[in-house]
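>>> Give the three-dimensional model of this entry:
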Amino acid sequence: MSGREPWPKNELVRIGSPEMPMAERVTRYRANVMAIHEAGHVVPSVMADTLDVTEIEA
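Have a look, this model is predicted:
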């Protein structure tokens, strides 16, 4: 292994459905970005690699 932790699939949470309040979806998204970084991985290109709320909501 290259010194990376395994992909943190057990730490990732579902972002939620459109009915979920935006604040909760942003909180979950940010938690996922942090878990991915803490495991030493790069955030997938389909996700914004940011903790900025305005960028996540866009």
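>>> where do the helices sit along this protein?
In the chain, the segments counted as helices under DSSP state H are 22-38, 53-57.
>>> hmm, who's touching the last one?
For helix 53-57, the surrounding residues in contact (C-beta atoms under 8 Å, 6 or more residues apart in numbering) are 22, 26, 29-30, 48, 50. All C-beta spots, glycine's among them, are computed from the backbone N, C-alpha and C.
>>> 10 Å instead?
15, 22-23, 25-27, 29-30, 33, 47-50 (C-beta atoms under 10 Å, 6 or more residues apart in numbering).
>>> now the longest one
When contacts are defined by C-beta under 10 Å, 6+ apart, helix 22-38 is touched by residues 5, 7-18, 20-21, 41-44, 47-54, 56-57.
>>> same thing but 6 Å
8, 11-13, 15-16, 43, 51, 53, 56 (C-beta atoms under 6 Å, 6 or more residues apart in numbering).
>>> Show me which of those residues are buried.
Taking 16 or more other C-beta atoms under 10 Å as the criterion, what is buried in the contacts of helix 22-38 is 8, 15, 56.
>>> As JSON lines, those with pLDDT and distance to His37 would be great.
As requested, the buried ones among the contacts of helix 22-38 are arranged in JSON lines below (pLDDT from 0 to 100; distance: C-beta to C-beta, whole Å):
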{"residue": "Pro8", "pLDDT": "82", "distance to His37": "10"}
{"residue": "Ile15", "pLDDT": "81", "distance to His37": "17"}
{"residue": "Ile56", "pLDDT": "85", "distance to His37": "15"}
